[in-house]
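Engineer: The following comprises the amino acid sequence and a computationally predicted model.
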Amino acid sequence: MTSDSANWYVVQVLTGNEVTMCRDINRLIPTNQYEHCFVPMAEHPVKRGGQWQKVEKPLFPGYFFVISQNIEAVHQSLWSISQFKRILSADGRFVPLTDEEVERFRALTDQAFNMTLSKGFIVGDQITVTEGPLKGQEGLIKKIDRHKRMAFIELLFLGKPTRVRVPLEIVDKR
């Protein structure tokens with residue numbers, strides 16, 4: 001797992017290159033520079049051939065996470081990888097996620113930092129999530145697309161409110 005003293009940084013890449021970039025980091029960058037590199041995934045239901053199937057897609061398209069105590073060394077090493085885009089920063093400094101952002105993220109994902117499907121129902125305008133990571137987090141839900149079995153939740157991401165597409169199946173509406 002990860003140590004409490006390491007910071008979580010967000011790296012931006014071209015959408016679709018998240019998994020490849022993380023794999024390249026794991027292969028090319030010395031492990032003493034970082035603790036963990038990962039692409040948070042979400043299992044999205046997709047209808048194919050009349051059947052619903054679960055497909056994993058990046059939770060944050062175009063981004064992945066690096067947990068490190070020495071982000072400057074990671075940054076220098078990233079330049080050796082041609083697809084590298086940038087580590088998110090502000091005022092010329094790399095900005096880690098806050099402790100609150102990390103805890104909220106951990107509460108919504110499993111140990112591999114992936115988000116599973118939540119299920120719930122609607123009575124009138126009231127959404128109730130009965131199972132999954134959104135259970136008890138209904139206040140985060142800003143919009144639901146019942147046909148695509150997804151919800152848009154709002155999370156703080158580097159201090160800014162950000163809408164994130166997550167899996168949610170509404171099994172009943174009254």
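Structural biologist: Perfect, I can see it now. Numbering: from 1, shown residues only.
Engineer: Could you use CA atoms for every contact and neighbour count after this?
Structural biologist: Fine.
Engineer: got the contact list for residue 5?
Structural biologist: Residues in contact with residue 5, defined by Cα atoms under 8 Å, 6 or more residues apart in numbering, are residue 69.
Engineer: With residue 85 instead?
Structural biologist: If you count contacts by Cα under 8 Å, 6+ apart, residue 85 has them with 11-14.
Engineer: Ok, residue 11 next?
Structural biologist: Each residue near residue 11 by Cα under 8 Å, 6+ apart is listed here: 63-66, 85-88.
Engineer: if you set the cut-off to 6 Å instead, what comes out?
Structural biologist: The contact partners of residue 11, taken as Cα atoms under 6 Å, 6 or more residues apart in numbering, are 63-64, 86-87.
Engineer: Now tabulate these in CSV and tack on pLDDT, secondary structure and distance to residue 137.
Structural biologist: Compiled in CSV, the contacts of residue 11 are given as follows (pLDDT from 0 to 100; DSSP: H, G, I helix; E, B strand; the rest coil; distance: Cα to Cα, whole Å):
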residue, pLDDT, secondary structure, distance to residue 137
63, 92, strand, 24
64, 93, strand, 24
86, 88, strand, 31
87, 89, strand, 29
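Engineer: And the buried ones among the residues you listed, selectable in ChimeraX?
Structural biologist: Selecting only the buried members of the contacts of residue 11 in ChimeraX, with burial defined as 16 or more other Cα atoms under 10 Å, works like this:
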select :63,64,87
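Engineer: Lovely, talk soon.
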